[in-house]
Every structure is written in structure tokens, then in C-alpha cells.
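> please find the sequence and the predicted model below.
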Amino acid sequence: MKATKLVQILVLLPYVFILSNVNAQQQTFEPAAIWKDNNGIHINAHGGGVLYQKGTYYWFGEHKVEGSKGNTAQVGVHCYTSKDLYHWKDAGIALSVSDDPESDIVRGCIIERPKVIYNKRTRKYVMWFHLELKDKGYWAARAGLATADRPTGPYTFIKSLRPNAGKMPFYPSGIPVAEHINVEKPANNTDSIFCRDWKGGQMCRDMTLYVDDDGKAYHIFSSEENMTLHIAELDKSYTSHTGKFSRVYPGFQTEAPAIFKRNGKYYMIGSACTGWAPNAARLFVASSIYGPWKYEGNPCQGEGAGLTYGGQSTFILPVAGKKNAFIFMADKWQPKNAIDGRYIWLPITFKAEKPELSWADSWTLNSFGS
Ligand code: GAL
């Protein structure tokens, strides 16, 4: 080899090393760090959820703008796509806010925690979200529905509603009859809120969607002034509630539900009710989706566990192609500058069948094994 060639190689070598290293760095999850999309822009999909279909992951979340104005919907629901969960491509705004002042989703309303599921029967992509009407604070507490023919949208807003008007809860066996609600004579404050909303429909705030192995879908949301969670069945088209729903720990005030199933058991991780401020996560386990759910304490371990490492649950993502591999997705909210909110994704580990979470500055899908 000529001496000049050797010099060229030696000069280029550090760059080759740096480039391969840059690439290696992108193949990791770094909770709470800035996570850039294909355009180098911080991913803007808060309170999100992920749909997996035919080799592609679709991440939907609240598009936030700068400042505290970003706590209201100024743009809509943003969608990103990925093949490997590390690299995300901006797929644009899936659901846009409206400029029609008569629309429920007029710019300035609040759209939170959008989730999308695919309905095989209708071949529609079905998005439900928590909707608050413009300038009404958090009092409307409605469920919003939008559908699309393609996963990335555009989604068409269909309706907003308070679920299950005039319906009574379903009580899975194990809930004593003495604890069933009596509309004539509510036994406590929580039951009184339920009865107050019985005719008009139940409140719907923090929420998620879950499609079970049999294709049935469930809408799981904080209800009754966030005093409890409702697990509500959706109809075959996923666009209406059937009227069958159960309540999880009335009076316990659980928010931010995220759910998954492993070896036939249902697991739910949620949070306590402290607004944008973090609190301790809560784990619930059940052998039927309607419950009874058993509270199993805080799944987080180690430093930061008492405040969920600064985050609040939003979704639990099953990793495609890996058995029993689940990613806990949480938001680290920045309400003063909403667009700066960060994502905390952590692998769920199991100790004696019990899900656990531990902080990691950086981790990869290899931590799940093959
Ligand atoms: C949180 C909730 C968020 C948002 C916030 C508003 O408890 O999880 O989605 O609604 O309150 O303060």
C-alpha cells in the first residue's frame, strides 16, 4: 500500500468510528432525553399510544405547542411511524383541530391521551380521546371519537359523548352485593357522583383502549370526578359503548390507565391523581378484564420510584415478535412549556409473575432477550 493511501485511511478512521458510534447511539432508548424524529425535531406525541400493524408501529399523541398554551389543543393529534421502535418518521397530523367555532374540537379545546385501534370488521382505524370543550376547564369530561381509512389518517371527527348514559355497572363475581350502587340511595360520595351522572352519561378523562385476544375492545377511563376507573366494552365497530362496564376501586382515584395481558392475566398500571405533577404508579392485576382488580402496590423500584421517575403512565406497548416483551410508556410533563414534555419508556421485567420497573439511563430491546 502506498504511503499516501495509508495516511488517507488513518485520517478517515476517526470519522468512520464517530459515524458508526452515532448510529449505535440511536439504537437505544434514553428515557427523558430529547428524542428526535427523522427531521431532527423532538417527537411531539404526548399522552400517546402505539398501534402495531404489518411491521409498522404507529405512535399517536397530543401535539403540544410552546408555553402553557400547549396544554390546550392548538394543532391536533400527531402520528409517527417506525419499523424498529428507535427511529420515528413524522407522519403528520392525524386528527386536526377545527376552525369551526361550533365544532367540539375547535382549536383551543383540550384533546388528551388519544389511542387508536384497528377494526378488522369495518376496516376502520378508530381513535378515541379525552375531550374537554373550549374554555370549559376540565368540566366537560367527554370521550371523543374519530375514524380513518388509513392508519396515519386523516381522521374524521365523528362525535363526543359521556359514555353509558342510563346504564348501571356490571359487577364481576367477587364484588359483594352490599357494594352495588343503589341509585335511589347512594352509599357514599363516589356513588353519589355516579348517580348524579347516571342519566346524562359518565365522565371520561384519562383513558386508554385495549383489544383483547377475542377481538373485543374496551375503553378504560377515569370517571366519576376521577374517583374511579371504568372498564367499558365497545361494540363490534368499536365506535359505541355497549353499556357493559365495571368500576375499579371506587374512591381510590386512579388516573392514566395503561393495560396489558400476559399468560392470561390482565395487568394495569396507573397513577394517583395529582395533575401534571408526578406521583407513585399503581399496579393492578385481574384474571378477567372487568375485574375484580387487585391493587398490588407500586411496580417501580429503586431511586425515583416514589414519583415514577418523574413520569406518568400512558400506554403499555407489546414488542412485536418478542414473547412477553412490554414497554412501559410514560410522559414527563412540562406544563409551563408543554412542547418540551419528555417520554419515559422502560422495559417491564417480571419477578415471580409480578411486573416491575427500574430506571435505566439507556437501554435496548436486547434487554428482553430473543
Ligand atoms: C393529569 C392527567 C393529564 C392531564 C392533567 C391536567 O392528571 O393525567 O392527562 O389531564 O392532569 O392537569
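Nice, I can see it. As the structure is a computational prediction, the values presented were derived from the model and not from experiment.
> what sits against residue 236?
By C-beta atoms under 8 Å, 6 or more residues apart in numbering, residue 236 lies in contact with residue 121. Every residue, glycine included, has its C-beta placed from N, CA and C.
> change it to 10 Å
119, 121-122, 215-217, 242 (C-beta atoms under 10 Å, 6 or more residues apart in numbering).
> look at the residue in the chain positioned nearest to the ligand and give its secondary structure.
Using C-beta to the nearest ligand atom, the point where the chain gets nearest to the ligand is residue 275, with a distance of 3.8 Å. Per DSSP: H, G, I helix; E, B strand; the rest coil, the secondary structure class of residue 275 is coil.
> buried ones in stretch 272-288?
The neighbour-count check on stretch 272-288 (16 or more other C-beta atoms under 10 Å) flags 272-273, 278-279, 281-286 as buried.
> what's the span of it from first residue to last?
Stretch 272-288 has an end-to-end distance of 23 Å (C-alpha to C-alpha, to the nearest Å).
> same thing with stretch 87-103?
35 Å.
> gap between that stretch and the chain center?
18 Å (C-alpha atoms, centre = their mean, to the nearest Å).
> what comes up buried for that stretch?
For stretch 87-103, by 16+ other C-beta under 10 Å, it's 88, 90-91, 93-98.
> columns distance to the ligand and secondary structure on top of those residues, output as a markdown table?
As requested, the buried residues of stretch 87-103 are arranged in a markdown table below (distance: C-beta to the nearest ligand atom, whole Å; DSSP: H, G, I helix; E, B strand; the rest coil):
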| residue | distance to the ligand | secondary structure |
| --- | --- | --- |
| 88 | 22 | coil |
| 90 | 23 | strand |
| 91 | 23 | strand |
| 93 | 20 | strand |
| 94 | 18 | strand |
| 95 | 17 | strand |
| 96 | 20 | strand |
| 97 | 17 | coil |
| 98 | 21 | strand |
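> I'd like the distance between residue 114 and residue 284.
Using C-beta to C-beta, to the nearest Å, residue 114 is found at 23 Å from residue 284.
> nearest spatial neighbour of residue 129, skipping sequence neighbours?
residue 114 (4.0 Å; C-beta to C-beta, 6 or more residues apart in numbering).
> Three-state assignment for that neighbour, please.
Residue 114 ends up strand, using three-state DSSP.
> contacting residues for residue 363?
28-31, 327, 345-347.
> same check, this time on residue 106
Per C-beta under 10 Å, 6+ apart, neighbours of residue 106: 73, 97-100, 133-135.
> OK, contacts around the nearest residue to residue 107 once chain neighbours are set aside?
Among residues not flanking residue 107 along the chain, residue 97 sits closest, at 4.4 Å (C-beta to C-beta, 6+ apart). Contact analysis of residue 97 by C-beta under 10 Å, 6+ apart lists 63, 72-77, 103, 105-109, 111, 134, 157.
> go with 8 Å
73-76, 105-109, 111.
> the residue nearest to residue 93 when sequence neighbours are not counted bridge partners, please.
Distance criterion C-beta to C-beta, 6+ apart; nearest residue to residue 93, sequence neighbours excluded, is residue 76 at 4.8 Å. Beta-bridge partners for residue 76, by DSSP bridges, are residue 96.
> these two touch, right, residue 76 and residue 95?
Yes. Applying C-beta atoms under 8 Å, one finds residue 76 in contact with residue 95, separated by 4.8 Å.
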